[in-house]
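Novice: Coordinates for the following, if possible.
(one chain, ligands or ions: 3)
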Amino acid sequence: MRVYNFGEKNSILNHFVSEIRDEEIQKDRMRFRKNIERIGEVLAYEMSKEILYTTQEIKTPLGVKKMSLPEKELVLCAVLRAGLPLYQGVLNYFDFAESSFISAYREHTNSDTDFEIITNYLATPSLEGKVLVIIDPMLATGSTLETTYKALQKQGKPKEIHIISVIGSAKGVAYVQDHFPAHTSLWIGAIDEELNNKGYIIPGLGDAGDLAYGSKL
Ligand SMILES: O=P(O)(O)OC[C@H]1O[C@H](OP(=O)(O)OP(=O)(O)O)[C@H](O)[C@@H]1O
Ligand SMILES: O=c1cc[nH]c(=O)[nH]1
Ligand SMILES: [Mg+2]
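Specialist: Numbers count the residues shown, from 1 in each chain. Ligands and ions are numbered 1, 2, ... in the order given. You can find the predicted model right below:
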């Protein structure tokens with residue numbers, strides 16, 4: 001898997017990531033969602049440099065111009081809930097893409113530390129021969145991405161797989177590397193060193209879904 005970690009580079013992306021981490025600024029839900037959307041736009045732009053292009057002729061009122069244009073057969077998969085604002089940012093740039101939606105949440109079994117990922121909603125077009133982009137802001141243990149990929153696998157074989165995420169843990173990134181095909185690319189805003197025993201990224205930012213939409217029962 002190719003890992004593009006933009007936390008290692010200087011860009012305006014670091015400003016957006018710092019605001020969603022900041023315990024005061026992140027209290028503003030609208031700003032939190034907007035910053036995640038802006039991160040989605042930046043990562044979409046970066047990813048756009050690596051997907052397939054074909055030369056096409058564009059007819060202007062005064063002539064014809066040959067242009068190198070991106071692959072149009074893209075499916076953007078939003079992992080609900082927290083994936084929604086990040087997905088919106090990616091869709092702002094890849095406006096011609098198709099979309100998939102999958103729900104994923106942690107169901108705690110015996111304790112705070114034991115959980116499994118439940119996905120009970122999936123709406124998707126066929127993925128056969130297309131470029132699949134899975135979009136989820138938090139990559140903690142990597143279980144949600146693994147479960148999502150397993151559910152999507154039944155919907156056709158994509159020719160390329162990309163994952164767009166905001167903050168990952170080093171352990172989660174390694175887990176995803178082991179559970180996705182080698183031709184997968186990960187586009188991520190930052191990788192943090194720690195994961196606590198409840199599966200939260202440290203320092204991370206807290207619970208992205210709750211910060212974007214409020215706590216759930
Ligand atoms: O890598 P993992 O250990 O699987 O954790 C990451 C998942 O946790 C968060 O979702 P959450 O389960 O909190 O649901 P939510 O989006 O509804 O808040 C996040 O958006 C990821 O989907
Ligand atoms: O740190 C984490 C881990 C899972 N989900 C989140 O929103 N944050
Ligand atoms: Mg959550």
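
Novice: Just say helix, strand or coil for Pro181.
Specialist: Here Pro181 is recorded as coil under DSSP: H, G, I helix; E, B strand; the rest coil.

Novice: And for Ala190?
Specialist: Assigned by three-state DSSP, the conformation of Ala190 is strand.

Novice: give the contact list for the nearest residue to it once chain neighbours are set aside.
Specialist: Nearest-residue entry for Ala190: Gly7, 3.4 Å, with adjacent residues in sequence omitted and distances by Cβ to Cβ, 6 or more residues apart in numbering. (Glycine included, C-beta is placed from N, CA and C.) For Gly7, the contacting residues are 14, 17, 188-191, by Cβ atoms under 8 Å, 6 or more residues apart in numbering.

Novice: ok, Tyr149 to Met138 distance?
Specialist: As for Tyr149, its distance to Met138 is 16 Å (criterion: Cβ to Cβ, to the nearest Å).

Novice: rewinding a little: could you report the pLDDT at the residue nearest to Ala190?
Specialist: On pLDDT, Gly7 comes in at 97.

Novice: right, and the secondary structure at it would be what?
Specialist: Under three-state DSSP, Gly7 falls in the helix class.

Novice: Looking at Tyr149 and Met138, which has the bigger crowd around it?
Specialist: Taking neighbours as other Cβ atoms under 10 Å, Tyr149 and Met138 compare with Met138 leading, 26 against 19.

Novice: Please name the bridge partners of the more buried one.
Specialist: Partner residues in beta bridges with Met138, using DSSP bridges, are Ile167.

Novice: Surely it and Ser169 touch.
Specialist: No: Met138 lies out of contact with Ser169 (Cβ atoms under 8 Å); the separation is 9.0 Å.

Novice: got the residues of this protein near ligand 1?
Specialist: 79, 81-82, 104-106, 117, 136-144, 172, 199, 207-209 (Cβ under 6 Å from any ligand atom).

Novice: Ligand 2 next: which of the residues you listed are close?
Specialist: Restricting the residues of the chain next to ligand 1 to those touching ligand 2 (Cβ under 6 Å from any ligand atom) yields 82, 138, 140, 199, 207-209.

Novice: filter these to the buried ones?
Specialist: Using 16 or more other Cβ atoms under 10 Å as the burial test, these include 82, 138, 140, 199, 208-209 as buried.

Novice: which one in those is the model shakiest on?
Specialist: Among these, Gly199 has the weakest pLDDT, 93.

Novice: separation between Ala61 and Leu69?
Specialist: To be clear, residue 61 is Pro; Ala isn't right here. 19 Å.

Novice: quick one: which of those two has more around it?
Specialist: Taking other Cβ under 10 Å, Pro61 and Leu69 do not tie; Leu69 has more neighbours (11 against 4).

Novice: In this protein, which residue sits nearest ligand 3?
Specialist: For the chain, the residue closest to ligand 3 is Gly209, as judged by Cβ to the ion, at 3.1 Å.
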